[in-house]
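Chemist: need coordinates for the below:
(chains A and B)
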Amino acid sequence: MITRRTFLGAGLAFTVAACTTAFGAIDLTARGREAQAIDTLLIDETIEIPGQMSLLAEANRQSLPVVGIQLDAASHAGLMNVLNKSQAIVGISSGATLFCLERMARDHGLRLTGRSQRCASDSGDDPCWRDVAALLNAAHPHAASPSPLVRAYRPSRGDGTLHIWTMQRYADPQFNHGRQEI
Amino acid sequence: MKLPHNVSQADFKAALREFANIVGDQWVYTSDEDLELYRDSYSILWGEADERTASAAVAPDNANQVVELVKIASRYRIPIYPIATGKNLGYGGSAPAIAGAVVLDLKRMNRIVEIDERHGYVVVEPGVSYFDLYNHIQEKGLKLWIDVPSPGWGSVMGNALDGGVGVTLAPYRNHFEAHCGVEVVLPNGRMMRSGMGAMPGAKTWQQFKPGFGPHVDGLFKQSNYGVVTKMGFWLMPAPENFVTGTVKVPKYRDLIALVDIIGKLEQSKIVQGLWNLSSPTTGTPPFAAHDAGAPPEPVDPAIEAILNDPAGVDMDRLDVTAQSKGLAFWACDFNFYGPEKLIKVQWECVCDAMRAIPGATFKLGAIRSLPLSPEDQAKTRDLGPFGIPTLKTFDLGPMFSYEGEDVVGHIFFSPVIPRTGEAAIEAMNLFAAIGRKYKLPGPPLQFPSTIFERAFLFAVGLPVTRSPAVNAKLRDIIRELVAVSAERGWGEYRTAPAFYDLIMGTYSYNDHALREFLETIKDAVDPNGIMSPGRYGIRSHHVR
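Modeler: Next up, the predicted model:
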């Protein structure tokens, strides 16, 4: 069980740490970056999540809030709450949902800091869930030099493609505190 | 540091300092990372020298701050570009109309100033999104509906000012037409209210649109004469029921009679809900996501072969084949709202009128009691007709690649054409031929939208890539579409900044008398040319 989740980076940078195993103890290498705790795992409920990844999310539910989203009015308030309060978020979503989330997150002071794109399957050695595990363990190997990737963000909505991503707070105070009341 | 056109670095820095004195340092954005957020994700000029990117952004909290910011901008001749929430994707997003402008980001101004259930109106600031307004109404338990565009994350005010539309009842679908009264900060920093709002202590600002004297509100739609800081909207009383009734007619050219009959029903206010065209023959779904029914049936293989003929669709052959298989060519879904007895009478009137078309068939769906339960909402494919905002439109289907490049967005070509079956057929064939010529992704035939009561709208989404070469080709295709449409007297109702001048150029009656009039107003109200220069092709004398 992961007891502390941390990922590194400031702004658009997302530095690498190393971990012993996907679910094992974490050995972080800060490389001069400030560490931030992951607050929430966001899961896009409009897509089918491979079994391995669902199990992973479920296994982490006790120590990390897992929030399902559909980008509709019913889940809007909950999503705004997460975006307002979180310092760092890991998510699993379709590309279309990520496209929307990234833009909404910007209004709440969060930026996309890492992204992996996989073809989802239920095979035992699916890189998709390993990516999630690595992100939750602050050990995402593909995020070693994410800035060009993230800066050149190309929304992809191909069928069967899952996006595993991280967002991190960059602005404080937040840009959007939610609706103001008169 | 990127600079606005004809502004010195010293002046720009001084202006930014004064902006910060008004709003606070944290609400003035100049870093590359921050300004990246104000790029148009769907820009068809992405990464090119002509891409319209901001030099800075500033985010006020209230209208008084807007007044002060506008005065500073005017003093330093800094072009400013107000955005509400900046979600106008496909028509410009958050980016300014000219490079180097300072984006005036109004997202922080997100107050619902007043909402009145008795008279059915709301007054909002620019940063109020459809989600915000919907949730406010739900939390307060008000018996009111909003009319939402697809998607619903944009600003209520911004959508209206850009000419946005929704999908419920006709009086509410055209969002600018559904507004009543604006508060606007003029380019000289003076605040003005329109209509009855011009009277101090007015009691009917949101109840009587015309006011006294000229109705000036239209000057602030798709224009650059001021920063709108408050706007009233009429809201729809929450209806008791909803139902969709479907009329099917067998032949391709039955469309002509179908449209004429519906036109009379709409002009008589018997049909007020949105109606959507689809085709059981071609499998073409209703326009965009605005249907509440089931997905169309799979296409018959014989039909598919005709549809995919590289030489184009032979409509006569298609018609004969469809009839031999007992397929109706057109299906028309009518949405009805209100008391059950009213819905039934309206449906009877529709059926009576449509029986004039031989072979027409009729089916009324199950009447759904409102409001929808959360379970019903979850099961409903498109919540737009129920006045519920969503972002599901982004999940409509996979994006295609075009010319070997990933498609990262779309840009709309949106001509308005006459509300006749003849014009619809001509437009469908014309746009389909151009689509084939350039191998554009999309269905072989696209049908018109019926959102406007007296004219058809085509909203043809063309792909946008990150390749300058491919985007250049797409810009040429849009120019061709605009030209062939203008030859037929069809004009665009809205466009992306890259085409403002092109489209304004087509409204050229009497040697561009309209543009000249708009620019005369521009020079009078904005002599320093600071307000959204170039927006919708309206330029001040400095940059003409």
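
Chemist: got the domain ranges for chain B?
Modeler: Chain B breaks down into these domains under automatic domain parsing: B:9-107, B:112-237, B:241-370, B:407-495.

Chemist: how about JSON lines for these, with mean neighbour count and mean pLDDT added?
Modeler: (Glycine included, C-beta is placed from N, CA and C.) Formatted as JSON lines, those follow (neighbours: other C-beta atoms under 10 Å in any protein chain shown; pLDDT from 0 to 100):
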{"stretch": "domain B:9-107", "mean neighbour count": "21", "mean pLDDT": "95"}
{"stretch": "domain B:112-237", "mean neighbour count": "20", "mean pLDDT": "96"}
{"stretch": "domain B:241-370", "mean neighbour count": "18", "mean pLDDT": "89"}
{"stretch": "domain B:407-495", "mean neighbour count": "18", "mean pLDDT": "93"}
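
Chemist: nearest to residue A:169, out of these?
Modeler: Among those, the nearest to residue A:169 by C-beta to C-beta is domain B:9-107 (13.4 Å).

Chemist: span of that closest one from start to end?
Modeler: Terminal residues of domain B:9-107 are spaced 27 Å apart (C-alpha to C-alpha, to the nearest Å).

Chemist: that domain close to chain A?
Modeler: Yes: interface with chain A: domain B:9-107 contributes B:26, B:33, B:36, B:37, B:41, B:59, B:85, B:87, B:107 (C-beta under 8 Å from any C-beta of the partner chain).

Chemist: and stretch B:222-231, by the same measure?
Modeler: No: using C-beta under 8 Å from any C-beta, stretch B:222-231 never reaches chain A; the gap is at least 11.3 Å.

Chemist: could you look up the SS state of residue A:105?
Modeler: Three-state call for residue A:105 (DSSP: H, G, I helix; E, B strand; the rest coil): helix.

Chemist: and it, how far from residue B:84?
Modeler: Applying C-beta to C-beta, to the nearest Å, one obtains 18 Å for the distance of residue A:105 from residue B:84.

Chemist: now the domains of chain B in CSV, with distance to residue A:164?
Modeler: Formatted as CSV, the domains of chain B follow (distance: least, C-beta to C-beta, whole Å):
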stretch, distance to residue A:164
domain B:9-107, 21
domain B:112-237, 23
domain B:241-370, 27
domain B:407-495, 20
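
Chemist: so which residues of the stretch 201-350 of chain B form strands?
Modeler: Using DSSP state E, counting those that start in this stretch, the strands of the stretch 201-350 of chain B run over B:227-234, B:236-237, B:241-249, B:275-278, B:330-337.

Chemist: how far off strand B:330-337 does the third one point, in degrees?
Modeler: Relative orientation of strand B:241-249 with respect to strand B:330-337: 160 degrees, computed using axes from the mean of the first three to the mean of the last three C-alpha atoms, to 10 degrees.

Chemist: so residue B:234 makes contact with residue B:176?
Modeler: No: in this structure residue B:234 lies outside contact range of residue B:176 using C-beta atoms under 8 Å: 11.6 Å.

Chemist: wait, which of the domains of chain B is closest to residue B:2?
Modeler: domain B:9-107 (4.3 Å).

Chemist: gap between the closest one and the chain center?
Modeler: 23 Å (C-alpha atoms, centre = their mean, to the nearest Å).

Chemist: do stretch B:445-460 as well
Modeler: 12 Å.

Chemist: endpoints of it, how far apart?
Modeler: Using C-alpha to C-alpha, the two ends of stretch B:445-460 sit 11 Å apart.

Chemist: what of stretch A:63-81?
Modeler: Taking C-alpha to C-alpha, the first and last residues of stretch A:63-81 lie 19 Å apart.

Chemist: what comes up buried for it?
Modeler: A:64, A:67, A:69, A:70, A:71, A:72, A:73, A:74, A:75, A:76, A:79, A:80 (16 or more other C-beta atoms under 10 Å in any protein chain shown).

Chemist: of the residues you listed, list those near chain B.
Modeler: Applying C-beta under 8 Å from any C-beta to those, those adjacent to chain B are A:71, A:72, A:73, A:74, A:76.

Chemist: from the residues of domain B:9-107 next to chain A, which land in helices?
Modeler: Taking DSSP state H as the definition of helices, those contribute B:33, B:36.

Chemist: which pair in the residues of domain B:9-107 next to chain A spans the largest distance?
Modeler: B:26 and B:41, at 24.3 Å, using C-beta to C-beta across the residues of domain B:9-107 next to chain A.

Chemist: ok, residue B:427 - contacts?
Modeler: B:415, B:417, B:448, B:456, B:458, B:490 (C-beta atoms under 8 Å, 6 or more residues apart in numbering or on different chains).

Chemist: surely the second one is in contact with residue B:448?
Modeler: Yes: proximity of residue B:417 to residue B:448 meets the contact threshold set by C-beta under 8 Å, at 6.9 Å.

Chemist: so what sits against both of these two?
Modeler: B:424, B:427, B:456, B:457, B:458.

Chemist: so which of those residues sit within strands?
Modeler: B:456, B:457 (DSSP state E).

Chemist: chain A: which of the contacts of residue B:427 is nearest?
Modeler: Chain A lies nearest to residue B:458 out of the contacts of residue B:427, by C-beta to the nearest C-beta, at 23.5 Å.

Chemist: test my guess that the closest one contacts residue B:448.
Modeler: Yes: at 5.5 Å, residue B:458 counts as touching residue B:448 under the criterion of C-beta under 8 Å.

Chemist: who touches both of the two?
Modeler: B:417, B:427.

Chemist: what residues are up against residue B:261?
Modeler: So residue B:261 contacts B:353, B:354, B:356, B:357 (C-beta under 8 Å, 6+ apart).

Chemist: any idea how far residue B:454 is from the third one?
Modeler: The gap separating residue B:356 from residue B:454 is 21 Å, by C-beta to C-beta.

Chemist: and the strands in the stretch 51-200 of chain B?
Modeler: Going by DSSP E, counting those that start in this stretch, the stretch 51-200 of chain B shows strands at B:56-58, B:80-83, B:102-105, B:111-116, B:121-124, B:144-145, B:179-185, B:191-193.

Chemist: for chain A, what is the nearest residue in the stretch 151-300 of chain B?
Modeler: For the stretch 151-300 of chain B, C-beta to the nearest C-beta, closest residue to chain A: residue B:153, 7.0 Å.

Chemist: need the nearest residue in space to that residue, chain neighbours excluded.
Modeler: Among residues not flanking residue B:153 along the chain, residue B:87 sits closest, at 5.4 Å (C-beta to C-beta, 6 or more residues apart in numbering or on different chains).

Chemist: please enumerate the helices of the stretch 251-400 of chain B.
Modeler: B:254-267, B:301-307, B:315-324, B:340-354, B:374-379 (DSSP state H, counting those that start in this stretch).

Chemist: make a markdown table from the ones you listed and add distance to residue B:164 to it.
Modeler: Below are these laid out as a markdown table (distance: least, C-beta to C-beta, whole Å):
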| stretch | distance to residue B:164 |
| --- | --- |
| helix B:254-267 | 20 |
| helix B:301-307 | 32 |
| helix B:315-324 | 33 |
| helix B:340-354 | 27 |
| helix B:374-379 | 23 |
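
Chemist: done for today, thanks.
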